[in-house]
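In: can't give you the sequence, but here's the structure:
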């Protein structure tokens, strides 16, 4: 099997995750600034010999495609042209919530100092989306073999 990139596309940042070569495990890779992301993602995809990019699609809780999901789809169309790779969209509802929980509570502030913000979990969210995709693909493959 080949490697797959998973992306959690936000307004300012994009979380990037990658699968192992067997397509079993997704791991957080890095967080990119949105402004320069297409070229960076293309470079990562080439260096890692990626054959597919999975974008988390932020559907509304009722499953409908809202404004944010349409923006992700537009980004995906542009990325497909630049990277020359197929794009698949995967429902990412609640992945950001899971990522925030996985990265732990906000850090406490030092006495008298400002409260320190939580580390962005965009790459963790991308790994959660990609892992969900990989698990579903594996389950479908198992089902098809029966």
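Out: On my side now, so go ahead. Keep in mind that this is a model prediction, so the values were computed, not measured.
In: For this structure, which segments count as helices?
Out: Here the chain has its helices, by DSSP state H, at 37-48, 67-83, 95-102, 122-145.
In: Would you mind pulling up the elements that the first one packs against?
Out: Helix 37-48 sits against strand 3-9, strand 13-19, strand 26-33, strand 50-57, helix 67-83, with contacts defined as 3 or more Cβ pairs under 8 Å, 6 or more residues apart in numbering; DSSP states H and E. Bear in mind the C-beta positions are built from the backbone N, C-alpha and C, glycine included.
In: Show me which residues of that helix are buried.
Out: Neighbour-count burial for helix 37-48, with 16 or more other Cβ atoms under 10 Å as criterion, is recorded at 37, 38, 41, 42, 44, 45, 48.
In: How about residues contacting that helix?
Out: By Cβ atoms under 8 Å, 6 or more residues apart in numbering, the surrounding residues in contact with helix 37-48 are 3, 5, 7, 14, 16, 18, 29, 32, 50, 53, 78-79, 82-83, 85.
In: tell me the angle it makes with strand 26-33.
Out: For helix 37-48 against strand 26-33, the angle by axes from the mean of the first three to the mean of the last three Cα atoms, to 10 degrees is 140 degrees.
In: I figured residue 57 was touching residue 89, is that so?
Out: Yes - taking Cβ atoms under 8 Å as the contact criterion, residue 57 and residue 89 are neighbours in contact, 4.1 Å apart.
In: With mean neighbour count as extra columns, can I get the helices and strands packed on helix 37-48 in JSON lines?
Out: Below are the helices and strands packed on helix 37-48 laid out as JSON lines (neighbours: other Cβ atoms under 10 Å):
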{"stretch": "strand 3-9", "mean neighbour count": "26"}
{"stretch": "strand 13-19", "mean neighbour count": "25"}
{"stretch": "strand 26-33", "mean neighbour count": "18"}
{"stretch": "strand 50-57", "mean neighbour count": "22"}
{"stretch": "helix 67-83", "mean neighbour count": "15"}
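In: Dump those to a markdown table, plus distance to residue 137 and mean pLDDT.
Out: Below are the helices and strands packed on helix 37-48 laid out as a markdown table (distance: least, Cβ to Cβ, whole Å; pLDDT from 0 to 100):
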| stretch | distance to residue 137 | mean pLDDT |
| --- | --- | --- |
| strand 3-9 | 9 | 97 |
| strand 13-19 | 10 | 97 |
| strand 26-33 | 11 | 97 |
| strand 50-57 | 10 | 97 |
| helix 67-83 | 18 | 96 |
